[in-house]
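Enquirer: prediction below, plus the sequence it came from.
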Amino acid sequence: MPEPASQSSVLSFEQARAVVEREAAKVRRAESEGAELLRAAGRVLAEAIVADRDFPPFRRAARDGFAVRAGDAAGAPVTLRVIGEVRAGGPEAHLEVRAGEAAEIMTGAPLPAGADAVVMVEYTSRSGDSVDIQRSVQAGENFVPAGAEAKRGDLLLAQGTRLAPAAIAIAAACGRHEVNVFRRPRVAILSTGDELVEIAAGPRPNQIRNSNSYSLAAQVERVGGDAVILPIAPDEPQALRKLLQEGLASDLLLLSGGVSMGKYDLVEPVLSEMGAQFFFTGAQIQPGKPIVFGAAPASSGARPAYFFGLPGNPVSTMVCFELFARTLLDALAGASPRPLQFAHARSKAAVKTKPGLTRFLPAILSGEHRQAEVELVKWQGSGDMAANARANCYLVVPPDRPEIKSGEMVSVLLP
Ligand code: AMP
Ligand code: MG
């Protein structure tokens, strides 16, 4: 039987986060590939995207109305002569607005030469070739100057930007039907436990279906990783070691189970034998206290890969992924660091816990805008995946708070 890991250290939640962030900052992503813009949502930019023209490219009308010289409208009400119409996508500008003149203009159209403001159609009244302007305007009103949003050559999207819909819009507006993105990191997923069976198999009464490999794969894929599920590892050192070696050949290895204090919890001792370095071997959190983070070579001489030993209880596995593994995966994907996302909401009921641990308890966030409320889901502890599936967030209980009062504002972690 291998010796237990000697480098044990149990950190506070903040300390553990700081360690993961420190390691994430060391990761350098190199390989990139081209991706069609249509398929690039959620991927991470391996290049910077700069404006290929001014945004907007011309003085863009922001209202429907009449393009005028503000000086002419100063003495409103005034009557101006209408010299024509400019609309978005109309023939290229040929009009010039001179003193005493106005041009009818539509939102999105280029302001004609000579004009320096748009009077909203609501403040005008048209009759034949003339228009009555009922309100004065300031020069510069109701249009966006050329290049006001970005000048040609300005940085619009930095390398490391995750392509959310708003970023996709920018790439499209710069004419990029293909973009350079980082290769998706390969994440090996290894569930351990003699009680586990593949989901296709009929479990005997004492067996449990391996659900963690699937929840983890879904979490990995959701943040742009390429998940590879390895066969279930038994609680036996030789077989475990072989699968660990296979998993460590990936960019990241996520283990589930086998990290507690039990006699058959072999993940740490076997990794230790394989030359692993442990950054921490536990965090003062619930669920997920036994979480392990480290790096180990797949075989002697190989470059070490990061691993997380996630506690096997299904809620712990998922919470620990969100709290820690996701940050490292973001870095491996080449993405700029993204902080954990918290919202604030009023607790619908009192929450009593023993102090000492930072807790992330499955909860339901409801109500919109100023009425956000949160309520714990009733659960049977960190093995209760049914309760977790009813939750849409985690209510955060700080370690120094034995009680949160009903009606108190609390933080919730958004997955
Ligand atoms: P462990 O962390 O190995 O002590 O496992 C803690 C609990 O989680 C036990 O009840 C296990 O049966 C359960 N568990 C471990 N791994 C999995 C898995 N891959 N899928 C579902 N449940 C699991
Ligand atoms: Mg186990």
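Expert: Good, I have the coordinates. Numbers count the residues shown, from 1 in each chain. Ligands and ions are numbered 1, 2, ... in the order given.
Enquirer: longest helix of this structure?
Expert: When the chain is parsed with DSSP state H, its longest helix is helix 13-26.
Enquirer: so which bits of the stretch 51-200 of the chain are right by ligand 2?
Expert: Proximity of the stretch 51-200 of the chain to ligand 2 is confined to G193 under the rule Cβ under 5 Å from the ion. The C-beta positions use only the backbone N, C-alpha and C, and glycine is treated the same way.
Enquirer: quick one, helices of the chain?
Expert: With DSSP H as the definition, the chain shows helices at residue ranges 13-26, 70-73, 165-173, 212-222, 237-248, 267-273, 314-320, 326-332, 385-390.
Enquirer: for ligand 1, which of those helices is the nearest?
Expert: Nearest of those to ligand 1, taken as Cβ to the nearest ligand atom: helix 212-222 at 3.3 Å.
Enquirer: could you give the average pLDDT over the closest one?
Expert: Mean pLDDT, computed over helix 212-222, is 97.
Enquirer: which residues of the stretch 151-300 of the chain lie near ligand 1?
Expert: Contact residues, the stretch 151-300 of the chain versus ligand 1 (Cβ under 6 Å from any ligand atom): 191, 193, 195-196, 208, 210-213, 256-258, 260, 262.
Enquirer: ok, back up a step: which secondary structure elements does the longest helix of the chain sit against?
Expert: strand 277-280, strand 282-283, strand 292-297, helix 326-332 (3 or more Cβ pairs under 8 Å, 6 or more residues apart in numbering; DSSP states H and E).
Enquirer: need those in CSV with mean pLDDT, can you?
Expert: Shown next, in CSV, are the helices and strands packed on helix 13-26 (pLDDT from 0 to 100):
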stretch, mean pLDDT
strand 277-280, 97
strand 282-283, 98
strand 292-297, 97
helix 326-332, 97
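Enquirer: a markdown table for those, including mean neighbour count and distance to I229?
Expert: Below are the helices and strands packed on helix 13-26 laid out as a markdown table (neighbours: other Cβ atoms under 10 Å; distance: least, Cβ to Cβ, whole Å):
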| stretch | mean neighbour count | distance to I229 |
| --- | --- | --- |
| strand 277-280 | 18 | 24 |
| strand 282-283 | 24 | 25 |
| strand 292-297 | 22 | 20 |
| helix 326-332 | 23 | 16 |
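Enquirer: so the nearest residue to E122 once chain neighbours are set aside versus I83, what's the distance?
Expert: Spatial nearest neighbour of E122, excluding adjacent residues (Cβ to Cβ, 6 or more residues apart in numbering): G65 at 7.8 Å. Distance, G65 to I83, by Cβ to Cβ, to the nearest Å: 15 Å.
Enquirer: out of these two, which sits in the busier spot?
Expert: Using other Cβ atoms under 10 Å, the more surrounded residue of G65 and I83 is G65, with 24 against 18.
Enquirer: show me the beta-bridge partners of that one.
Expert: I105, M120 (DSSP bridges).
Enquirer: low-confidence bits of the stretch 51-200 of the chain, can you list those?
Expert: 93 (pLDDT under 70).
Enquirer: all the strands of it, residue numbers only.
Expert: Assigned by DSSP state E, counting those that start in this stretch, the stretch 51-200 of the chain shows strands spanning 60-61, 65-68, 78-86, 101-105, 117-120, 124-127, 130-133, 143-144, 155-157, 178-182, 186-191, 196-197.
Enquirer: closest one to L395 among these?
Expert: strand 186-191 (27.5 Å; Cβ to Cβ).
Enquirer: now the closest one and helix 212-222, what's the angle there?
Expert: Per axes from the mean of the first three to the mean of the last three Cα atoms, to 10 degrees, the angle that strand 186-191 makes with helix 212-222 is 160 degrees.
Enquirer: same for strand 186-191, what does it pack against?
Expert: Using 3+ Cβ pairs under 8 Å, 6+ apart: strand 186-191 touches helix 212-222, strand 226-229, helix 237-248, strand 252-256.
Enquirer: just the ones you listed: most buried one?
Expert: Of all those, strand 252-256 carries the top mean neighbour count, a mean of 30, counting by mean count of other Cβ atoms under 10 Å.
Enquirer: quickly run through the sheet partners of it, with directions.
Expert: Its sheet considered, strand 252-256 pairs with strand 186-191 (parallel), strand 304-310 (parallel) by DSSP bridges.
Enquirer: show me which residues of the stretch 301-415 of the chain sit near ligand 1.
Expert: Counting by Cβ under 6 Å from any ligand atom, the stretch 301-415 of the chain sits next to ligand 1 at P311, G312, N313, P314, G383.
Enquirer: gap between the residue nearest the centre of the chain and ligand 1?
Expert: What sits nearest the mean C-alpha location of the chain, by Cα atoms, centre = their mean, is R338, with 6.7 Å. Look at R338 and ligand 1: by Cβ to the nearest ligand atom, to the nearest Å, they are 27 Å apart.
Enquirer: next, count neighbours for T192.
Expert: 28.
Enquirer: I figured it hits L253, correct?
Expert: No - T192 lies out of contact with L253 (Cβ atoms under 8 Å); the separation is 11.7 Å.
Enquirer: could you dump the residues of the stretch 301-415 of the chain next to ligand 1 to TSV with neighbour count?
Expert: As requested, those are arranged in TSV below (neighbours: other Cβ atoms under 10 Å):
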residue	neighbour count
P311	26
G312	26
N313	22
P314	21
G383	16
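Enquirer: show me the contacts for the residue in the stretch 301-415 of the chain that ligand 2 sits nearest to.
Expert: Using Cβ to the ion, the closest approach of the stretch 301-415 of the chain to ligand 2 is made by G312 at 5.1 Å. Listed by Cβ atoms under 8 Å, 6 or more residues apart in numbering, the contact partners of G312 are S191, T192, G193, N212, S256, G257, G258, V259, S260.
Enquirer: just the endpoints, please. Distance across stretch 83-98?
Expert: Stretch 83-98 has an end-to-end distance of 9 Å (criterion: Cα to Cα, to the nearest Å).
Enquirer: buried stuff in it?
Expert: I83, V86, L95, V97 (16 or more other Cβ atoms under 10 Å).
Enquirer: quick revisit: will you turn the strands paired with strand 252-256 into CSV that also has mean neighbour count?
Expert: Listed next are the strands paired with strand 252-256 as CSV, based on neighbours: other Cβ under 10 Å:
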stretch, mean neighbour count
strand 186-191, 25
strand 304-310, 24
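Enquirer: minimum distance to S136: which of the helices and strands packed on helix 13-26 has it?
Expert: That would be, of the helices and strands packed on helix 13-26 and by Cβ to Cβ, helix 326-332, which comes in at 52.6 Å.
Enquirer: excluding chain neighbours, what is closest to A217?
Expert: Leaving aside its sequence neighbours, A217 sits nearest to A227 (Cβ to Cβ, 6+ apart; 3.8 Å).
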